[in-house]
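> need a 3D model of the following:
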Amino acid sequence: SHTMNGDNNLPNFVKPRKTACPTRYVFISNADTTSDTVIQDITDIFQSFGELDTSTGPVFVNYKRHVCYVCYKDPMAAQHAIQQSIDPGVIVKGRKISAKYADIARPVTPPPEAECTSTTDHVDVPGLYLIEEVISSEEEASLIALCDSNEKGRTLWRNNISRRVQHFGYEFNYQTLLLDKPRDIRPVPEDIVAVLVERVPPHVPLDGSRVTQCTVNEYYPGQGIASHVDTESCFGETIHILSLGGGVVMTMARVEPQENVPSSHPDNETVPPSHLRRSFAPTKPTDTEESGEVVKKHVYLPPRSLLVLSDEARFHWAHSIAPRKFDKVNGELIKRSRRLSFTFREAIGPRPSTPEVEKAPTTDGPSNSEDVARRRLNEFKSGEDVKDGILSSNIEQEHVYKVYDEIAQHWHHTRGIRKVYWHRVKSFLDDLPQGSLVADVGCGDGKYFGVNPNIITIGCDRSPVLLQVSRETQNDTFCCDAVKLPFISDAFDASICIAVLHHLASEDRRVAVIAEMIRIMKPGGRAMLQAWAMEQEAGSKRVFEEQNVLVPWRLQSKFSRTTDKDDTGPVVFQRFCHVYCEGELEHLASKVEG
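The predicted model follows:
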């Protein structure tokens, strides 16, 4: 019933990706794999957790590593087996067995051979300019040293995407696809911008006064970036890319605006949320394209060169870098080396990264930030802060989105880590059939992930910081507004939306969320919505005199992202809430067709 290590059919087992769903394969360690009796015991025990895959052999033994692998037909059976190995535990011949997910290595597709730049010499990209040797070798070395320097003993590079990045002026948020303005952000290096303005030819568009944002990307051989057009809602009409260290071939591809095209890879500075989105996709071949392929232009960017994308090159041509180690330039193979790209842009419509807060009272008296919050609430009540349709209002942005980004770690400490569940939600999840696919709309820190180990939960939330906390689990999550969920229709068996609806400021947005939950569920699916109630039980610490209120959150400074950790005083944030009268949720649901 098991395959020996020397068998040529032994699969190449590997660790699964952290974000992957449960696999069919279980990695078994801390067992005496030299004993056939132990292997048979493992087979018998783990077969009790679910049906094994006998097509190739249910148990594979790696005698060299003293481990084995159990193969199930269903990932849910593997999930159940791992859960049982944790609690109550699996004991074989006096040893407690350790069980974890495994996977089979997928064949690696070799990268396509690099196309030579000479094959696209005839292609013209209007608005594209390339100026070589725009800075000296000494200036290049100085800029590289600036990026590699440390500040207070800490590196300036960020590792939150597949390559290292730095930001100046404004920070591009790769999860929300918006601009942030952190308090400690460094200004754009004006001396370098001045040098570029002085040295580019007069016909090349470069207005130094409009360069307010810079992103530095680091590329090692084998790294690249997917085809994209820089976000129109965040960046201005001209993009300037300064290459340092090594050269690289960039591919320009002709695109045209199209409706309902999915956004590109999250590592790219691409499109914003759907209500602001203008998506791009390759055009269909024109009559002049005899090959029937998309029009492309391969451009070699040598070190110390400046690439300028303006007019058509900025908006109607996507740019990308293929992930390879060699480029072919005019028939010659050129090996890549470490390359830094300084991308200078004009920032448009950035948002502050942190909300206004109220410090706890001191001898100097309290801050007036609570007065600001009250003023915003009054503006909302009077109708001054009302957005059409499903767009979020100012009070949501200031007193929901930004607040939860700031308090995320404290929230997780007091809720997720301590497993503070709403009991009706836990009962709902526990009652779902094994293998159910569930959407947790507004999942926050993911505290309901894993409540029922027999279901698969996918979460989404508006706060990228809360989602970062939730990624400690293996569940897939998405950052989005709940009024436009990034899921196909009729996909989920159930959906939950817990403690979310009371943070939505308009009825249109509340109805839109319920409609989206219905849309993504299969016919006959089950949904649960819970929100704060206006009418509280006797003795409750919450007493609401009206429906639209501000609810304080006292943040301990040790959990703050922006305040001094040595400051022992709490910081008070005001959260907007719309509490529901009896029957109001049912009334909202009745407005959703079906």
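
> sketch out the low-pLDDT regions of the stretch 251-400 of the chain for me.
Low-confidence segments of the stretch 251-400 of the chain (pLDDT under 70): 256-293, 349-371, 380-389.

> what's the first-to-last distance across stretch 23-37?
Start and end residues of stretch 23-37 are separated by 26 Å (C-alpha to C-alpha, to the nearest Å).

> next one: it to chain centre, how far?
Here stretch 23-37 is found 35 Å from its chain centre; the criterion is C-alpha atoms, centre = their mean, to the nearest Å.

> show me where the stretch 1-150 of the chain has its helices.
All helices of the stretch 1-150 of the chain, identified by DSSP state H, counting those that start in this stretch, fall at 36-47, 75-84, 137-148.

> out of these, nearest to residue 456?
Distance to residue 456, taken as C-beta to C-beta, is lowest for helix 75-84 among the helices of the stretch 1-150 of the chain, at 7.9 Å. (Glycine included, C-beta is placed from N, CA and C.)

> elements contacting the closest one?
strand 25-29, strand 98-104 (3 or more C-beta pairs under 8 Å, 6 or more residues apart in numbering; DSSP states H and E).

> which of the helices of the stretch 1-150 of the chain sits most buried?
Among these, helix 75-84 has the highest mean neighbour count (mean count of other C-beta atoms under 10 Å), at a mean of 20.

> so what's the model's average confidence on that one?
Throughout helix 75-84, pLDDT has a mean value of 89.

> from now on call the first residue 767
In the new numbering, first residue 767, that becomes helix 841-850.

> quick one, it and strand 791-795 angle?
Put simply, helix 841-850 runs at 30 degrees to strand 791-795, going by axes from the mean of the first three to the mean of the last three C-alpha atoms, to 10 degrees.

> neighbouring contacts of helix 841-850?
Residues outside helix 841-850 that contact it (C-beta atoms under 8 Å, 6 or more residues apart in numbering): 787-792, 812, 815-817, 836, 838, 856, 865-867, 1200-1201, 1219-1220, 1222.

> ok, now with 7 Å
Here helix 841-850 makes contact (C-beta atoms under 7 Å, 6 or more residues apart in numbering) with 787-792, 812, 815-817, 836, 838, 856, 865-867, 1200-1201, 1219-1220.

> and stretch 1066-1074, by the same measure?
Stretch 1066-1074 is contacted from outside by 883, 895-901, 906, 962, 966, 970-972, 1004, 1006-1016, 1093, 1095, using C-beta under 7 Å, 6+ apart.

> switch the cut-off to 6 Å
Applying C-beta atoms under 6 Å, 6 or more residues apart in numbering, the external contacts of stretch 1066-1074 come out as 883, 895-901, 906, 970, 1006-1009, 1013-1016, 1095.

> next: stretch 899-908.
965, 1010, 1070, 1072.

> with stretch 1262-1273 instead?
Stretch 1262-1273 is contacted from outside by 1159, 1161-1162, 1166, 1191, 1206-1208, 1276, 1294-1298, 1343-1345, using C-beta under 6 Å, 6+ apart.

> buried set for it?
Buried residues in stretch 1262-1273, counted by 16 or more other C-beta atoms under 10 Å: 1262-1272.

> what do you get for stretch 1181-1197?
Applying 16+ other C-beta under 10 Å to stretch 1181-1197 flags 1182, 1187, 1191, 1194-1195 as buried.
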